[in-house]
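Q: Mind folding the following:
(one chain, ligands or ions: 1)
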Amino acid sequence: MPNLNRHRGIRTIKSFNISDGPQTRGKKATMKDLWSIRMRASKTAVSPQSPVASQKEIHISGAEGIYEKSEIQEVVKKYIERALNHPRGKADKIIITIEDIKQEPKTITALPVATIKNTMPGEGKKMARGLLQSSGVSKVAIDRAFELIKKDGMRGAAIITAEKGNRLDPDRERGIRVSRLGITKPALKGLSSRLSRHGINTGTVKEALVLASKVSSCGHVIAELCVSDDPYYTTGYVASKAFGYLRIPNIKSEGSRSGGRAFFVKEGIDAEGIIEYLERLPAIIEKVSLCKGMVSLDEILNRSHI
Ligand code: PML
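A: As a prediction, the model looks like this:
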């Protein structure tokens with residue numbers, strides 16, 4: 001069990017970090033010691049015809065987590081290394097935000113994990129479509145999401161209504177950035193051991209799972225579609241409360257720079273409330289679910305994987 005004690009009226013909690021970074025084992029921190037660390041790296045593309053007028057900021061990489069104060073320096077170092085060595089290219093701007101978390105984080109459970117069997121490029125996208133439709137997302141909404149993802153380096157995530165396919169996030173350039181999210185140390189340990197059994201205990205999988213679990217813990221979100229914008233990472237996922245976190249190999253072809261995330265939400269909901277929760281309210285995973293290896297689409301649709 002995670003160490004979420006109350007001691008003399010002060011909530012104590014063990015430190016969190018998503019990737020295999022530095023840890024201060026066994027040390028308890030009061031809530032005031034928890035910090036959100038975020039990194040965004042980008043580069044400026046300049047058109048030779050009109051160097052000033054058409055400067056465009058291109059997203060290179062991002063990372064974030066909730067950590068103890070004592071971990072800040074090491075985490076920042078790791079994030080900078082990541083920003084400077086990303087397959088999407090050389091960053092010329094790195095923004096690191098380090099922020100004291102004042103609000104008590106909401107505790108959530110990680111989604112169950114499985115990987116869908118498929119071998120062929122093209123097959124993955126078809127499977128993602130089928131899963132989204134089975135989760136209650138219309139064809140028009142799915143088409144809208146894939147259209148946005150096809151664009152090179154979509155910045156944040158898009159919020160799309162599941163029936164009519166309307167885009168709700170107000171800033172089309174920026175999209176939504178899921179923020180202030182983490183996992184307790186005991187949960188991270190359990191997750192790492194479960195993922196190891198299937199050879200997928202990587203920072204990329206854990207970070208994506210933490211994010212997807214926060215997104216799906218938002219009552220109005222029906223499902224999420226994610227395609228990595230890393231040209232050499234061709235596994236994406238569809239996540240939902242109904243089916244869990246489903247990894248989909250071959251969701252795009254190798255070398256493709258397209259990628260992004262779409263959150264499908266109920267029609268007629270208050271987008272502001274969703275954005276407030278996803279971007280600003282801290283949430284921490286304190287329990288993990290079943291992690292399976294390869295499963296067939298049939299097993300998923302019958303829900304025998306969860
Ligand atoms: C990313 O590039 O951060 C998204 C990765 C999505 C898939 C992670 C996984 O392999 O489960």
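
Q: helix or strand for the residue nearest to the spatial centre of the chain, which one?
A: Taking CA atoms, centre = their mean, the centroid of the chain lies closest to Leu211, which sits 3.3 Å from it. Under the criterion of DSSP states H and E, Leu211 resides in helix 203-216.

Q: Can you list the helices and strands that that helix packs against?
A: strand 56-68, strand 106-109, strand 181-183, helix 185-196, strand 221-227, strand 236-240, strand 244-248, strand 283-287 (3 or more CB pairs under 8 Å, 6 or more residues apart in numbering; DSSP states H and E). C-beta: built from backbone N, CA, C; applies to glycine.

Q: Kindly recompute the last result at 6 Å.
A: The elements that helix 203-216 packs onto, with contact taken as 3 or more CB pairs under 6 Å, 6 or more residues apart in numbering; DSSP states H and E, are strand 181-183, strand 221-227, strand 283-287.

Q: so how far is that helix off the chain centroid?
A: On the basis of CA atoms, centre = their mean, to the nearest Å, helix 203-216 sits 4 Å off its chain's mean C-alpha point.

Q: For it, which outside residues touch it?
A: 18-19, 108, 110-111, 178, 181, 183, 221, 224, 239, 241, 245, 263, 283, 285 (CB atoms under 6 Å, 6 or more residues apart in numbering).

Q: Quick one: mean pLDDT for that helix?
A: Mean per-residue pLDDT for helix 203-216: 97.

Q: just the angle between that helix and strand 56-68, please?
A: 90 degrees (axes from the mean of the first three to the mean of the last three CA atoms, to 10 degrees).

Q: tell me which parts of the protein are close to the ligand?
A: Thr204, Val205, Ala208, Cys226, Ser228, Asp230, Tyr233, Thr235, Gly236, Tyr237, Arg247 (CB under 6 Å from any ligand atom).

Q: Give me the neighbour count for the nearest residue to the fourth one once chain neighbours are set aside.
A: Read it as Cys226. The shortest distance from Cys226 to any non-neighbouring residue, by CB to CB, 6 or more residues apart in numbering, is to Arg261 (4.7 Å). Number of residues near Arg261 (other CB atoms under 10 Å) recorded here: 29.

Q: Quick check: pLDDT value at Arg261.
A: pLDDT, read off for Arg261, is 96.

Q: What's the first helix or strand after the helix or strand hosting it?
A: Using DSSP H and E, Arg261 falls within strand 260-265. The helix or strand immediately downstream of strand 260-265 is helix 271-275, counting by DSSP H and E.

Q: got a list of contacts for that next one?
A: Contacts of helix 271-275 (CB under 6 Å, 6+ apart): Ile159, Leu168, Ile176, Cys218, His220.

Q: With distance to Gln73 added, can I get the residues you listed in a markdown table?
A: Listed next are the contacts of helix 271-275 as a markdown table, based on distance: CB to CB, whole Å:
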| residue | distance to Gln73 |
| --- | --- |
| Ile159 | 35 |
| Leu168 | 38 |
| Ile176 | 29 |
| Cys218 | 32 |
| His220 | 38 |
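
Q: Closest to Glu64 out of these?
A: Ile176 (13.7 Å; CB to CB).

Q: pretty sure the closest one contacts Asp169?
A: Yes - at 5.0 Å, Ile176 and Asp169 qualify as touching, with contact defined as CB atoms under 6 Å.

Q: With neighbour numbers in mind, choose between these two.
A: More crowded of Ile176 and Asp169, by other CB under 10 Å: Ile176, with 23 against 18.

Q: Next up, the contacts around the residue in the stretch 201-306 of the chain that the ligand sits nearest to.
A: The ligand sits closest to Ser228 of the stretch 201-306 of the chain, with a gap of 3.1 Å, by CB to the nearest ligand atom. If a contact means CB under 6 Å, 6+ apart, then Ser228 has Gly259 as its contacts.

Q: where does the stretch 151-300 of the chain have low pLDDT?
A: Low-confidence segments of the stretch 151-300 of the chain, defined by pLDDT under 70: 152-153.

Q: Swap in 90 and give it another go.
A: For the stretch 151-300 of the chain, the stretches with pLDDT under 90 are 151-156, 171-174, 184-185, 229-231, 257-258, 297-300.
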